[in-house]
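K.L.:
Return a 3D structure for these sequence lines:
(2 chains)
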Amino acid sequence: MIKNQFCARAFVVMLAICLTPLTSGLCLAQEADPGAGSEGALYLNYIKPLPQSLPVDREKALLGQALFHDTGLAAGRAACGTCHVLEQWGADGMAKSIDIRGGFDDMNTLTVFNAVFNFRLLWNGAAATPKDQIDMVMDNERHMGAGWSVALQYVRSRQDYQQQFKALYGGVIDEHTVSDAIVEYERTLITPDAPIDHYLRGDNNAISERQKQGLKLFVDYGCIACHQGINVGGNMFARFGVFVKPYQSVVPANEFDLGRFNVTGVESDRYVMRVPSLRNVEKTAPYFHNGGTQSLKKAVTAMGYYQLGRDIPDDEAELIVEFLKSLTGKKPEPVQ
Amino acid sequence: MIVNRGLFALSLCAIFVLIWVALAANVDEDDRLLASLAELRTMNGQLNEEVGRNYIGISANYDPLISYLNNLQGKATEFARQVETIENSAGRLQNFRAALSGKEQRIEDFKFHNSVMRLTWHHYPTLTLGTLQNLEEHANSGDATSVELLLLAKKLAMSTSLFVNSDQSADSVRGDLKALNSLRERFGSHEEDLNLLAAYSEKIIDSQGVLDDLTVEIYEHRLEAAFDQIERFLLQKRQASEQRIGLLRIAALLGAIFLSGVVIYLLKGIYRTSRKLDASQEQADFQQYVLNEHAMVSIIDTDGVIRQVSDRFCEVLGYQRDELVGKPRSVLFSAEHDRDAYAKVWQLINSGETWKGEVCLDCKNGEKFWSITTIIPKQNRHGEIVEFIFIRTDISELKRAEAEISVLARLPEENPEAVLRIDEQHRVVYANKPATYLLNHWDIAQGDRVPETWQLLFEDLRRTGRNQEVEVESAGRCFLLLIIPVAGSPYINIYSRDITARKKAEKELAYMAYHDDLTGLINRGAFEQELNAAVLSAANGILVHTLMYIDLNQFKIVNDTCGHVAGDELLKQVTRILNEAVRSSDIVGRLGGDEFGVILWGCDVDAAMKVAEKITAIMQGFRFTWNELFFDVGASIGVVRVDDGGSGVEDLMGKADVACYSAKEEASKHIHLYQEQASEASTRHNEMHWVSRITRALEKDRFCLFVQPIVALKPSDDRPRYEVLVRLKDDNGELIPPGAFLPAAERFKQITLIDSCVVNKIFQFMAQHTDYIAEHNPVFCINLSGTSLGDTEILELVTKNCEQYPDYMQHLHFEVTETSAVKDFAVTSSFIEKFLILGCEGISLDDFGSGMSSFAYLQQLPVDAVKIDGSFVKDMVGNEVNYSIVKSVHDIGHALGMETVAEWVEDAETVELLKEVGVDYIQGYVISAPFPIEELLAVESWQRFSQVV
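P.N.:
Numbers count the residues shown, from 1 in each chain, chains lettered A, B, ... in the order given. Next comes the predicted model:
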């Protein structure tokens, strides 16, 4: 067994070392060189800047925008934009959104901004792609209520939609074409130009001294181990409570705290959540899957306690919060 | 007529269709799927590489990993959809899909555990450093628990690091964790960061284990196996398709030929009926065309002369038409058939019968052309044979395939490794020549049954359908047998591989892992395993073993003065000595550096002590020679009993270490037997205890200075000289002599602090009593330990004091022990030079004669005086040996131009004797016992001491 471990480690290390020159060369070629003297370049291995825009079929996005905000899809009671309020950074500021029956939803609503960069969606990762997520919402009687059949009936009844679908999808109006248009629109909902992105691209003055200190703490404490990649998170699953188990002592767990277990039924997936993206985190309070806190600083110290086993002192937590503010980008403009 | 034409057209269409079918059928689809599969493999490889990059931290971002996985899944789903349409693919696809989702699951888990390792292990060094620093502060402030906690924490950090960086097992980390936690529980310990260290260590061993398993699984995952399975499936299918297509082509061609016959027949009919018509020429042309284009047709008249040949016929055989037409049929005869056969066939067809058979023709270039030939005698309306039509079908391919198959059938025969086949009754139905070794091994011949134990194995494998690898040793070589039950048949195939070389390499590797390169002895790890075996065997109380821990006394000097090559050579020689000194059944290991361990198997302590004495005796007599330099090496041995006392390996090693340490201090024998109830453990514990007491004493200023006068025997120097001694005042105000705390201080590196304290105090004393200093002009002799000599702290301290009180240095004299001076000669001599530059009164060598130094060495040290070791002086009256030692030390000192001082002088008789010898100074109770330095002020005159002499 021990030998096995050793061999595996040696093997993997050897392999990776052999391949590094080749692949790192490729990576460098893809990423624009931020130039000598760039401080941000140090962090490019962890965080990649957002692109200024994604290639989008403008006509489809325009159609998707209309559908996104059209309450007709849920028999006049709600639209996607009801919970994903663009003015509120793609979420609704509630711990849990109010569903169409007037009750509270199961979990906190995540922002739609930059969602296209996530590897899965929803807290428990139940949706593999944005299209899956639309399907799930449409078929949920508490969210969009009526289901696809009613929504499609409505879209087909509208003359303006008919014309647009005719031009773009050969007149086919079904769940594939409707969600395709909405997903195309979601590709415009990204928030480039965050100070951190400029910093990563080589502008050393894009973030303040305190934010730089915060970034260093963010890396040194190990937050970066999970919150990395282009979305500073959103690309892996992690157990809530690496060091301290939050649901067995203080707070009684409810079924939604089980997270991914509710999707897979695998025992080791209990309390496992998709790590959320931290982009625009300053603007998308409250935090955690249950919307447990309004304070970003509390969220930082809680993460330190449960995930890192560390008590982050007040002044350091404040610096990290400062850094997190540098992740706030530019709100997307409506498609014209 | 119309019917005939219709039939004719239909036949032609059919011919075209058949030929089209023959040409169109292909295996492109299979090839495309196989290419997709190869692409999937590449993508899987890329994914694995990315996993590897994340594993060792080259990449710290999972985005690329996700896109590799997504690409693989996308491609794989599309691939599966294509394969799905193939018959019988369901089971294989099920495996394939399961492997795919398994891989995804593992990569998910990998990401999480990898992140946990990143957030723990990557921050572990800083965390450890911080924690250890805090502990060290506590420890220095005199907290005895913290000292122990510090040791355990260091051990934990080390074993965790070893666990991650090498192949050390997690158990040792768990052991250290347990030890640390139990100590903390016992003392109700306070350190918050120790919690963190423990939690991180635990998390690291947990996650690293899982991570390693996951990584191995991702690399060796079922996906490749699923790829292999599908590939085999596709290849089979491709082969089957090829066969089918081959058959289809032959069938199509045969059909085409048959239809050609029909066409010819019809043509004949048409020709016949339309003879009167002008169109007859057209028909003939058409006939010619069809013949030429599509069939290998030749026509021979009844005289055996070739009348017509088709283009295709010429083309295949490589002849020009006019080379054949008009020639006798015998030009086409081949040596493959004898003339009789040709004659027989000729006879048969001349009787009007149709003949069909395989015929070989010689091509013009000499190649053989095989065909199925049908010979149709053509009769006119009177029933007379007018000519013979030969229609041939190419079967050269078939013939070639037959030949190939017969070559293939010889394949196992030609295999250089053994191949065997066993049937249902366990008989060897086939064995190639290399398999003879296995038959010999089994002592059977081909056709016999294999031995019974093997029958059971085969039975089992046949039942489960499992493959099995078995290693067999025969005639000094080692073979790996791969035993494979052939699916769908009762046979078992055995393939053997010669793995002698690999086995040998494995053995060598195993040897290297457990042995020390230099000496060839087993290394510490292996030694501890042996010791563990000894502990276990002693557990029932019948067997008793003994553990010896051997440390070389002068190894460091050899290493430092002559270099590592000499050190290595010394170790080798000592190894030889040890191996000769113990029985071959005893276990000798190198524990590291110059430490050796011996397990005397079945030896009780009495016997073991004899062995130890033997070894020390040999070592005492052993003189290591290197480049004309000689070294008396010597060894110290700690002896521990290994019995059913419940001591574990670690415990025993610790005790042996302590015993060895004690042995070093036993000047005469250099052997120490560990006594359970005796003071060993408590000595160590006491020393620990002293560490905190010393720290506290330094803080609370509990050290005080005593002085003892040194008096000149000859009236040369009348400056009063005092040796400065340090005493510790305990909480009750009682004085503790230095013998109680100095060894502990020396061991735990606190001696420098005490030395600094003494230097500070003496400067203070002089600053406070300038009148006394000015009046009496005394000299204070201060002891400096060997540790302090290597420490610039003391030098800085003295320099600083000198700057403040530049005149005081002339009142100071430093005493350095001989052993510490020799230990690091270069450092000592540079130190002494600096003190002399600072203007100190002089330097003397303390305890001279107790070490075994080379005098030539001392010649180079700029010292003014030597102090003769008191233990010789004390009983020199009436002890001849001691007297002559004192005398010779004195003589040597003088010869080297140094003054001599005798200490521990306790009576007048000794004083007389020392005068006789010619010693320059004396010190001891005969003059005065040490007294507090403050009392100096009360001593009216130095005369009080000097008049004793």
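K.L.:
CA atoms for contacts and neighbours, from now on please.
P.N.:
Fine.
K.L.:
What parts of chain B come near chain A?
P.N.:
Taking CA under 8 Å from any CA of the partner chain as the contact definition, chain B meets chain A at B:49-50, B:52-53, B:55-56, B:58-63, B:66, B:108-109, B:111-112, B:115-116, B:118-120, B:122-123, B:166-169, B:196, B:199, B:203, B:209, B:212-213, B:215-216.
K.L.:
what residues are up against the nearest residue to B:Ser146 once chain neighbours are set aside?
P.N.:
Computed as CA to CA, 6 or more residues apart in numbering or on different chains, the closest residue to B:Ser146 that is not its neighbour in sequence is B:Ala139, at 4.9 Å. Contact analysis of B:Ala139 by CA atoms under 8 Å, 6 or more residues apart in numbering or on different chains lists B:145-147, B:150, B:692.
K.L.:
Among those residues, which has the minimum pLDDT value?
P.N.:
In terms of pLDDT, B:Ser692 ranks lowest among the contacts of B:Ala139, with 73.
K.L.:
Got the phi and psi for the residue nearest to B:Ser146?
P.N.:
phi -60, psi -40 (degrees, to the nearest 10).
K.L.:
Which one of the residues in chain A is closest to chain B?
P.N.:
Chain B sits closest to A:Gly222 of chain A, with a gap of 4.3 Å, by CA to the nearest CA.
K.L.:
is it true that that residue touches B:Leu127?
P.N.:
No. Assessed by CA atoms under 8 Å, A:Gly222 is found out of contact with B:Leu127, at 11.9 Å.
K.L.:
Please say which of those two ends up with more neighbours.
P.N.:
Counting neighbours by other CA atoms under 10 Å in any protein chain shown for A:Gly222 and for B:Leu127 shows that A:Gly222 has the greater number, 23 against 19.
K.L.:
Where does the prediction get shaky in the stretch 351-500 of chain B?
P.N.:
Scanning the stretch 351-500 of chain B for pLDDT under 70 picks out nothing.
K.L.:
Please repeat the previous calculation with a cut-off of 90.
P.N.:
B:351-419, B:423-426, B:429-482, B:484-491, B:495-500 (pLDDT under 90).
K.L.:
returning to what we had before: any idea how far the residue of chain A closest to chain B lies from B:Ser115?
P.N.:
9 Å (CA to CA, to the nearest Å).
K.L.:
Likewise for B:Val386?
P.N.:
According to CA to CA, B:Val386 and B:Ser115 sit 94 Å apart.
K.L.:
and these two? which has more neighbours close in?
P.N.:
More crowded of B:Val386 and B:Ser115, by other CA under 10 Å: B:Ser115, with 25 against 13.
K.L.:
And the pLDDT for the closest residue to that one other than its chain neighbours?
P.N.:
Once flanking residues are discounted, B:Ser115 sits nearest to A:Ala225: 4.9 Å by CA to CA, 6+ apart. pLDDT recorded at A:Ala225 is 93.
K.L.:
before we move on, what about B:Lys610?
P.N.:
pLDDT for B:Lys610: 88.
K.L.:
Check which helices and strands the helix or strand it falls within sits against.
P.N.:
Element membership for B:Lys610 (DSSP states H and E) is helix B:605-621. Contact partners of helix B:605-621 among helices and strands, from 3 or more CA pairs under 8 Å, 6 or more residues apart in numbering or on different chains; DSSP states H and E: strand B:545-552, helix B:564-581, strand B:635-642, strand B:671-673.
K.L.:
so of those, which one's packed in deepest?
P.N.:
Comparing the helices and strands packed on helix B:605-621 by mean neighbour count (mean count of other CA atoms under 10 Å in any protein chain shown), strand B:635-642 ranks first with a mean of 29.
K.L.:
mind listing what residue 329 touches?
P.N.:
All of this refers to chain A. Going by CA under 8 Å, 6+ apart, A:Gly329 touches A:191-195, A:279-280.
K.L.:
let's do chain B instead
P.N.:
Per CA under 8 Å, 6+ apart, neighbours of B:Arg329: B:300, B:304-306.
K.L.:
And what about whichever residue of the stretch 751-900 of chain B sits closest to chain A, helix, strand or coil?
P.N.:
Relative to chain A, the nearest point of the stretch 751-900 of chain B is B:Glu793 (34.8 Å; CA to the nearest CA). The three-state assignment at B:Glu793 reads helix, by DSSP: H, G, I helix; E, B strand; the rest coil.
K.L.:
Roughly how far does the residue of chain B found nearest chain A sit from B:Tyr200?
P.N.:
Across chain B, no residue is closer to chain A than B:Leu119, which sits at 4.3 Å (CA to the nearest CA). Computed as CA to CA, the B:Leu119 to B:Tyr200 distance reads 9 Å.
K.L.:
do B:Leu65 as well
P.N.:
Taking CA to CA, one finds B:Leu65 at 27 Å from B:Tyr200.
K.L.:
Quick one: neighbours of residue 261, just the number.
P.N.:
The chain I'm using is chain A. Using other CA under 10 Å, A:Phe261 is surrounded by 19 other residues.
K.L.:
you looked at the wrong chain, it should be chain B
P.N.:
16.
K.L.:
Mean pLDDT per helix and strand in chain A: which one sits at the bottom?
P.N.:
Among the helices and strands of chain A, helix A:2-30 carries the lowest confidence by mean pLDDT, DSSP states H and E, at a mean of 43.
K.L.:
Quick one: the helices in the stretch 1-150 of chain A, in order.
P.N.:
A:2-30, A:58-68, A:80-83, A:130-138, A:148-157 (DSSP state H, counting those that start in this stretch).
K.L.:
where does the stretch 1-150 of chain A have low pLDDT?
P.N.:
A:1-42, A:45, A:71-79, A:82-83, A:87, A:92-107, A:128, A:135-150.
K.L.:
80 instead?
P.N.:
A:1-37, A:75-77, A:101-103, A:141-146 (pLDDT under 80).
K.L.:
quick one on the thing from earlier: and the residue nearest to B:Ser115, what is it in contact with?
P.N.:
So A:Ala225 contacts A:219, B:60, B:115-116, B:118-119 (CA under 8 Å, 6+ apart).
K.L.:
Recalculate using a threshold of 6 Å.
P.N.:
B:115, B:118-119 (CA atoms under 6 Å, 6 or more residues apart in numbering or on different chains).
K.L.:
Could you do B:Ile56 as well?
P.N.:
For B:Ile56, counting by CA under 6 Å, 6+ apart, there are no contacting residues.
K.L.:
What about it? Give its phi and psi, please.
P.N.:
The phi/psi pair for B:Ile56 (degrees, to the nearest 10) is phi -100, psi 10.
K.L.:
do the same with B:Pro932
P.N.:
According to degrees, to the nearest 10, B:Pro932 has phi -60, psi 140.
K.L.:
is it in a bridge, and if so with what?
P.N.:
B:Phe706 (DSSP bridges).
K.L.:
Could you give the number of residues near it?
P.N.:
Using other CA under 10 Å, B:Pro932 is surrounded by 15 other residues.
K.L.:
What score does it have for pLDDT?
P.N.:
On the pLDDT scale, B:Pro932 gets 89.
K.L.:
thought it was touching B:Gln708?
P.N.:
No. Using CA atoms under 6 Å, B:Pro932 is not in contact with B:Gln708, being 9.0 Å away.
K.L.:
Now do the residue nearest to B:Ser146, the pLDDT please.
P.N.:
With respect to pLDDT, B:Ala139 has a value of 78.
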